[in-house]
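Undergrad: Okay, here's the prediction I keep looking at, along with the sequence it came from:
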Amino acid sequence: MHSFSVQTISIQEDLQYKVITGDAPWEPLREVLASINTRQAVFLVDENVFRLQDGFIAWLSSLVERPVLARIPAGESSKSTENWISLVNFCLEQGIDRQTPVVAVGGGVTGDLAGFVAASVLRGLPLIHIPTTILAMVDSSVGGKTGINHETGKNLIGAFYQPRAVVSFLSVLETLPDEEFISGFAEVLKYGAIQDTGILTLLDGRDILQLRKDIPLLKEIIDRCIKVKARVVTEDSKESGLRMILNYGHTFGHAIEKVAGYGRISHGQAVFAGMMAAAVMARKLGATINTDLIAQHTASFIKPGLLDGLDIEALNHAMRSDKKVSSATVRFILLHEYGKPYLHPVEDSGFISEVWTESFSEISASIS
Ligand SMILES: O=C(O)C(=O)C[C@@H](O)[C@H](O)[C@H](O)COP(=O)(O)O
């Protein structure tokens, strides 16, 4: 028998990249594109951005000699194998090479799908994220999680694939619909719950939509979220441990999205409900948490009836495909207290069902 060893240090392992936010950071974006030294770029653009920001798209296209653009339909159901292969085909029809960057312009759905296209075409094209929603700016564009959904569950097909840069044009938030603006704040509240509890204090007693008018505070909150994410992903890029805390509310939330049918309940709404359920579970395990710091925002996320009719057995079944599952046991991110998250395995599905029932009742009571 012969054996040989291979030591791999891929560009993805050593990649350090900037996450830039600004009203209109055109110069940093030009520098990123120039560093890739290519005349062509593939822009994969959220259809809502095309509709609401056609001038912005025209400017972006003008940054390269040979831009090619494809639209990505809005909504979580766009994260499908059909759309993935359609975009792969589009890229391969453009005469690209391994230096041709994919530029993802849009929200979380666009970033996840376009990121997975970049990760898979020619075994990896340079990726630049230009997030246009709060959710994408503070969360999905940072950290390299890319992928699409499977009938079994959310984000079950994908890759860890880091971008060359993330460049956020805060000016595009002006046309972001209120519902999308609020949805991204589920991830903002998540960062407050798991690490930067000052974020919860900043939002305490505020209507989230007020922040549309308080730009300095909005910028501070966005930067504080990115700072938390950048630190966690730097410490644990492949989610072997610490990074799981970023999944707070998601074990419940992803099950809600799947059972409701992708797109009926937004990721933000589902994660908000998931954080409420995680707080119920933590309380039942003995934690004393002032849930009002999050619960006070319930009416912004959950409209009456939104969660009605979700079958608890189906929710429990959907959880079993969560990527934090180990040895067939579902594992939750819970809080000892705000800022102190931990990973907790639960084998008793009856206990999980009780948590669903109690949290849906609490949510319903707080919005009736
Ligand atoms: O970046 C991470 O790690 C996260 O878990 C961030 C989440 O907010 C985000 O929604 C992510 O896409 C969910 O990841 P998944 O691995 O649970 O599919």
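TA: Received the coordinates, thanks. Note that the coordinates shown come from a computational prediction; the quantities given were computed from them, not determined experimentally. Numbers count the residues shown, from 1 in each chain.

Undergrad: Look up the closest residue to residue 95, ignoring the ones flanking it.
TA: Closest residue to residue 95 apart from its sequence neighbours, by CB to CB, 6 or more residues apart in numbering: residue 40 at 7.9 Å. All C-beta atoms are positioned from the backbone trio N, CA, C, and that covers glycine.

Undergrad: give me every residue that touches that neighbour.
TA: By CB atoms under 8 Å, 6 or more residues apart in numbering, the contact set of residue 40 is 64, 65, 66, 67, 68, 94, 95, 96, 100.

Undergrad: how far away is residue 358 from the ligand?
TA: 23 Å (CB to the nearest ligand atom, to the nearest Å).

Undergrad: Just the C-alphas of the helix or strand hosting that residue, formatted as CSV.
TA: Here residue 358 sits within helix 349-367, counting by DSSP states H and E. Provided in CSV are the C-alpha atoms of helix 349-367 (Å, rounded to 0.1, in the frame of the first residue of the first chain):
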residue,chain,number,x,y,z
SER,A,349,-40.4,16.0,20.7
GLY,A,350,-43.2,16.3,23.2
PHE,A,351,-41.3,19.1,25.0
ILE,A,352,-40.7,20.8,21.6
SER,A,353,-44.4,20.6,20.8
GLU,A,354,-45.2,22.3,24.2
VAL,A,355,-42.8,25.1,23.3
TRP,A,356,-44.5,25.6,19.9
THR,A,357,-47.9,25.7,21.5
GLU,A,358,-46.9,28.1,24.3
SER,A,359,-45.0,30.4,22.0
PHE,A,360,-47.8,30.6,19.4
SER,A,361,-50.2,31.4,22.3
GLU,A,362,-47.9,34.2,23.7
ILE,A,363,-47.5,35.7,20.2
SER,A,364,-51.2,35.6,19.6
ALA,A,365,-52.0,37.2,23.0
SER,A,366,-49.5,40.0,22.4
ILE,A,367,-51.0,41.1,19.0
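
Undergrad: hang on, isn't residue 358 packed against residue 280?
TA: Yes: using CB atoms under 8 Å, residue 358 is in contact with residue 280, at 5.0 Å.

Undergrad: between those two, which one's more packed in?
TA: residue 280 (23 against 16; other CB atoms under 10 Å).

Undergrad: Surely that one and residue 357 touch.
TA: No: proximity of residue 280 to residue 357 does not meet the contact threshold set by CB under 8 Å, at 9.3 Å.

Undergrad: just to revisit the earlier point, give me the buried positions along the helix holding residue 358.
TA: Going by neighbour count (16 or more other CB atoms under 10 Å), the buried part of helix 349-367 is 352, 355, 356, 358, 359, 360, 362, 363, 364, 366.

Undergrad: go on, stretch 116-133?
TA: Across stretch 116-133, burial judged by 16+ other CB under 10 Å covers 116-121, 124-133.

Undergrad: now do stretch 301-320
TA: For stretch 301-320, burial by neighbour count (16+ other CB under 10 Å) applies to 301, 302, 306, 307, 310, 312, 315, 316, 317, 318, 319.

Undergrad: On the three-state scheme, residue 257 is what?
TA: Counting by DSSP: H, G, I helix; E, B strand; the rest coil, the backbone at residue 257 sits in helix.

Undergrad: where does the stretch 251-368 of the chain come near the ligand, residue by residue?
TA: Residues of the stretch 251-368 of the chain lying close to the ligand (CB under 6 Å from any ligand atom) are residue 323.

Undergrad: residue in the stretch 251-368 of the chain nearest to the ligand?
TA: Going by CB to the nearest ligand atom, the ligand is nearest to residue 323 of the stretch 251-368 of the chain, at 5.0 Å.

Undergrad: and that residue, helix, strand or coil?
TA: State at residue 323, reduced to three classes by three-state DSSP: coil.

Undergrad: check which helix or strand covers residue 334.
TA: strand 330-337.

Undergrad: strands paired with that strand, and their directions?
TA: Strand 330-337 pairs in its sheet with strand 340-346 (antiparallel), by DSSP bridges.

Undergrad: list the buried ones in the strand it pairs with?
TA: The neighbour-count check on strand 340-346 (16+ other CB under 10 Å) flags 341, 344, 346 as buried.

Undergrad: ok, so what distance separates the second one from residue 337?
TA: Which is residue 344. According to CB to CB, to the nearest Å, residue 344 and residue 337 sit 14 Å apart.

Undergrad: Check the last one too.
TA: Look at residue 346 and residue 337: by CB to CB, they are 19 Å apart.

Undergrad: quick revisit: and the buried residues of strand 340-346 as CSV, adding pLDDT?
TA: Formatted as CSV, the buried residues of strand 340-346 follow (pLDDT from 0 to 100):
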residue, pLDDT
341, 98
344, 98
346, 98
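
Undergrad: what does whichever helix or strand residue 201 is part of contact?
TA: In the assignment (DSSP H and E), residue 201 maps to helix 198-203. Helix 198-203 is contacted by residues 185, 188-189, 191-193, 217, 220-221, 224-225, 293-294, 297, 338 when judged by CB under 8 Å, 6+ apart.

Undergrad: about what we covered before: how far does the strand holding residue 334 sit from its chain's centre?
TA: Once both centres are worked out by CA atoms, centre = their mean, to the nearest Å, strand 330-337 turns out to sit 19 Å from its chain's centre.
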